[in-house]
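In: The sequence and its predicted three-dimensional model are supplied below.
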Amino acid sequence: MAHKIRPSVPDDVEAREYVRVTTWKAAYRGIVLDDHLDALKVEPDVVAEKETRLAGALAEGRTPLVVGETGDRITGFVEFGRRRDEQIGGGEIFALYVLPEAQARGLGRALMTAAVERLRADGHEEIGLWAAAGNAQAGRFYERFGFVLSGRVRCAPAPLPPVEEVHHRLPVSTSPATAETNISG
């Protein structure tokens, strides 16, 4: 089934939160404490805050989120922008989540490609991201896309649970067109 990739709007936030929570519960089992994962749910106050924040970004002319739809349902999203860590230059992928049942069908790659293209269009030559060190599936996906480990390691910042994260960077010379093409997200 074909995916539709489009900029996110505030009405998408509840569906995006469902994707985030569901993906966390699947991807981080064994990495994050089960009690934390079991307690995750879509919180109305979080949805309201994210709707307001996205509406503000859109009003400023920024499009910091792209969603992927399969059929008429949001099944993944990517959030990106100017890097948050002042010691690392360029743009950053803040989050990339695809529902487990939608993985390995090209959606992750399509979302990542959209984010990288937007960041490069905004002048960010190098792009980085942080990922849980124990999430081997995500690490393989990023490597196939062209990301390499930078050697930086940190503990995930609050309010996230304490998990070791590794930094990946997409070198300037790598573009979605030059990354391996047989990837499915």
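Out: Arrived safely, thanks for sending. Residues are numbered from 1 along each chain as shown.

In: Check which helix or strand the residue sitting furthest away from the middle of the chain maps to.
Out: Centroid-distance maximum for the chain: D35 at 23.4 Å, with CA atoms, centre = their mean. D35 is part of helix 34-39 when elements are defined by DSSP states H and E.

In: thinking again about what came up before, state the pLDDT value of the residue farthest from the centre of the chain.
Out: pLDDT, D35: 90.

In: measure it to V163 for me?
Out: From D35 over to V163 the distance is 14 Å, taken as CB to CB, to the nearest Å. (Glycine included, C-beta is placed from N, CA and C.)

In: again with K50
Out: 22 Å.

In: ok, these two, which is more surrounded?
Out: K50 (21 against 18; other CB atoms under 10 Å).

In: In this structure the more buried one contacts V13, no?
Out: Yes - contact criterion CB atoms under 8 Å: K50 and V13 qualify, at 4.7 Å.

In: Please name every helix or strand in contact with the top strand by length along the chain.
Out: Taking DSSP state E as the criterion, the chain has its longest strand at strand 73-82. Applying 3 or more CB pairs under 8 Å, 6 or more residues apart in numbering; DSSP states H and E, one finds that strand 73-82 contacts helix 13-27, strand 65-70, strand 91-98, helix 107-121.

In: Any idea which of those gets closest to A2?
Out: strand 65-70 (8.2 Å; CB to CB).

In: Sheet partners, orientation included, of that closest one?
Out: Applying DSSP bridges, strand 65-70 is found paired with strand 3-7 (antiparallel), strand 73-82 (antiparallel).

In: Comparing those, which comes out most buried?
Out: Among the strands paired with strand 65-70, strand 73-82 has the highest mean neighbour count (mean count of other CB atoms under 10 Å), at a mean of 22.

In: I'd say S150 and L170 touch.
Out: No - contact between S150 and L170 fails when scored by CB under 8 Å: they sit 10.2 Å apart.

In: overlap in contacts of the two?
Out: G128 (CB atoms under 8 Å, 6 or more residues apart in numbering).

In: If anything else comes up later, I'll come back, but that's it for now.
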